[in-house]
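> Compute the structure for the input listed below.
(one chain, ligands or ions: 1)
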Amino acid sequence: MEDKNLKSKFARYIDAGFPIIYLNTFEEDKVDTIIKEVSSGREIYEWNETSGYIDFETKTPIFEDFTLEMMIDQLKHDGLLDRKIILLKDVNSYLEEPRIVSKIKGLARLINQGAEATIVIVSNVLIIPKELEKFITILEMDYLNSDEIKKTIQNFIKKYELDEVKDNLLDEFAIAFKGLTEFEINNLLALSYADDGELSRKDLNLIFGQKQQMIKKAGILEMIPLKETIDDIGGLENLKEWLKRKAKVYKNINKAKEYGVDMPKGLLIAGVPGCGKSLSAKATANLFEVPLLRLDMGRLMGKYVGESETNLRNAIALAEAISPCVLWIDELEKAFAGIGGDGGAAEVTTRLFGNFLTWMQEKDSPTFVVATANDITKLPAELLRKGRFDEIFYVGLPNDKEREKICQIHINKRRPQDLKNIDISKIISKSKGFSGADIEGIIKDAVETAFADDKKDIETNDIVEAINNTHSLSELMKDSLEKMTKEYESRKFKNASK
Ligand code: ATP
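Predicted coordinates:
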């Protein structure tokens, strides 16, 4: 099962004399079993926040009111560090206390100098004080793969003598449970069973609800409601065609794979602000008929060493757990600016970026990535290489035909009855250099003004007036737009428009 890997790594680390092993998990029960197995006869001292120093086997207190500090001081005495495992649970808040941190460091030094002991910290949050960074090795519990999940379900069925679950339902369960730990899966199985004494298709909803909870708790991903469809995008015909083709593959992935088609990875949409990048990300999820998760790169960066990586890892694991889904990474350039530079922050970014690239390269789950960026000059070249994204599109200012479509879409949303009376050609000629968002803005203004003036319908002139009162994007950003366009053309990105 999943822990084989973890167990053997753990055992190797102990044998190799690693001073501190940090187990990043909340599956405490399981940790006890694993530690016992890897201890190979070493004595285990356990300390936790609730009970202090306790007997590892019976969990009864050995000394009343024995603080963590007293425990560490005690251990420094001769002989006490001989073939020992020092198991510390719920100590995260102590890892922010310099006094305790420096005492733990003292112990770690003794171990490095030859004391045969290992400190094992178990926690579901990862807090690694800078001072201990050199001494700590992080171990994480892996999520189960499909076969392991199926085995877990079958074991559960056997244990409770339930009716066998049909093969295709078992497959669906395996997909739904993806990204959960064994502990969580068993909990959910127990919950489903307690509900009505069986495991059935309707339990899949329960699992989905649970996953939504996980997203909320983790706080790095946001589930975006799906309103926009591909028909809400005016223009960008090349991009839309491409997306429709990928949707066909994605929605028939088993057939497609059998045929020899690769799993779609995702795309990068870069370009001018307000021209439909976010809109396209949302429409993609709708087209693919899967949930949309937005990854906030700003929230990912943590203040402790290793925290950002753990956050990214968790976000990715969570997205894979929810998958099939679209993972929208907004403002990609913000996350990965400063790569390759000097200093702590740049190093974190570079590592983070490396992890992301590896994931993109190796990804075989139905997590379709839509990354959006305004300024690709800030993006590292490795990201733009083939094999990371299936395609990179650039979105420029809408041309005449596109502005016509965008105009129609936004009038249609608010005043469909007025569409036939409006001379769109006039609006097109007056709105050169306007972005999609600009056009939406002028339609909104015109509708509001017409209402305020007690007009029965909106007329072409209302819109023209709104145009005259607006500074277009190309006026506001003339120089940088020209530079951007040149950049895209020289890099030979695909134009999203026809
Ligand atoms: P930013 O980089 O500033 O986030 P963006 O390219 O992601 O910009 P969107 O958020 O997609 O821009 O566009 C803003 C709004 O402008 C959209 O919600 C939509 O109402 C309108 N809009 C932009 N482009 C189009 C388009 N091609 N068709 C229809 N509406 C559009």
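> just checking, residue 394 is part of a helix?
No. Applying DSSP: H, G, I helix; E, B strand; the rest coil, one finds residue 394 to be strand, outside a helix.
> So what's the residue count around it?
26 (other CB atoms under 10 Å). (C-beta placed from N, C-alpha, C; glycine too.)
> what are the bridge partners for it, then?
residue 270, residue 495 (DSSP bridges).
> Need the pLDDT of it.
Confidence at residue 394, expressed as pLDDT, is 91.
> which ones are touching it?
269, 270, 271, 376, 488, 493, 494, 495, 496 (CB atoms under 8 Å, 6 or more residues apart in numbering).
> Please name the residues that touch the last one.
The reference is to residue 496. Contacts of residue 496 (CB under 8 Å, 6+ apart): 236, 238, 239, 269, 271, 276, 280, 393, 394, 395, 396.
> mind listing what the closest residue to residue 228 other than its chain neighbours touches?
Excluding the flanking residues, the one nearest residue 228 by CB to CB, 6 or more residues apart in numbering is residue 282, at 4.3 Å. Neighbouring residues of residue 282 by CB under 8 Å, 6+ apart: 224, 226, 227, 228, 292, 328.
> Most neighbours among the contacts of residue 496, which one is it?
Neighbour counts for those peak at residue 236, which has 30 neighbours (criterion: other CB under 10 Å).
> ok, so what distance separates the residue nearest to that one when sequence neighbours are not counted from residue 326?
Residue nearest to residue 236 in three dimensions, not counting chain neighbours: residue 496, with 4.4 Å by CB to CB, 6+ apart. Distance, residue 496 to residue 326, using CB to CB, to the nearest Å: 17 Å.
> which parts of the longest helix along the chain are buried?
The helix that spans the most residues within the chain, counting by DSSP state H, is helix 344-362. Buried positions in helix 344-362, judged by neighbour count with 16 or more other CB atoms under 10 Å: 348, 349, 350, 352, 353, 356, 357, 359, 360.
> How about the contacts made by the fifth one?
In this structure, residue 353 makes contact with 335, 336, 339, 380, 383, judged by CB under 8 Å, 6+ apart.
> Confidence-wise, which of the residues you listed comes last?
residue 339 (64).
> Name the next helix or strand downstream of the host helix or strand of residue 34, please.
Per DSSP states H and E, residue 34 falls inside helix 28-38. With elements assigned by DSSP H and E, the helix or strand that comes after helix 28-38 is strand 43-48.
> That next one pairs with which strands, parallel or anti?
Paired neighbours of strand 43-48 in the sheet (DSSP bridges): strand 52-55 (antiparallel), strand 84-89 (parallel).
> Report the distance from it to the chain centre.
Centre-to-centre, strand 43-48 and its host chain are 35 Å apart (CA atoms, centre = their mean, to the nearest Å).
> which outside residues touch the helix or strand hosting residue 110?
Using DSSP H and E, the element containing residue 110 is helix 98-112. Where contact means CB under 8 Å, 6+ apart, the residues beyond helix 98-112 that reach it are 17, 19-20, 68-69, 72-73, 75-76, 81, 86, 94-95, 117-119, 129, 131-132, 135.
> Where does pLDDT dip in this structure?
Of all residues in the chain, those with pLDDT under 70 make up the ranges 1-4, 26-27, 29, 78, 142-143, 179, 214, 217-218, 301-307, 337-345.
> Tell me which residue is most central in it.
The centroid of the chain falls nearest to residue 315 when counting by CA atoms, centre = their mean (2.8 Å).
> wait, doesn't that one sit right on residue 297?
No. In this structure, residue 315 is not within contact of residue 297 by CB atoms under 8 Å, at 9.5 Å.
> what does the stretch 301-450 of the chain have sitting close to the ligand?
Residues of the stretch 301-450 of the chain lying close to the ligand by CB under 6 Å from any ligand atom are 372, 374, 406, 409, 436, 437, 440.
> So which of those is surrounded by the most neighbours?
With neighbours defined as other CB under 10 Å, the most crowded of those is residue 436; it has 29 neighbours.
> so what's that residue up against?
Residue 436 neighbours (CB under 8 Å, 6+ apart): 234, 274, 275, 276, 279, 398, 406.
> Surely the second one and residue 439 touch.
This points to residue 274. No. Applying CB under 8 Å, one finds residue 274 not in contact with residue 439, separated by 9.2 Å.
> Between those two, which is the more surrounded one?
A side-by-side neighbour count of residue 274 and residue 439, using other CB under 10 Å, places residue 439 first with 30 against 20.
> I'd guessed that one sits against residue 410; true?
Yes. With contact defined as CB under 8 Å, residue 439 reaches residue 410; the gap is 6.4 Å.
> Next, find the distance separating residue 16 from the ligand.
Distance of residue 16 to the ligand, computed by CB to the nearest ligand atom, to the nearest Å: 49 Å.
> got it, and residue 385?
Distance from residue 385 to the ligand, by CB to the nearest ligand atom: 23 Å.
> Repeat that for residue 50.
Separation of residue 50 from the ligand (CB to the nearest ligand atom) stands at 47 Å.
> Ramachandran angles for that residue?
phi -70, psi -50 (degrees, to the nearest 10).
> from memory it sits against residue 90, does it?
Yes. Look at residue 50 against residue 90 with CB under 8 Å: they come within range, at 7.0 Å.
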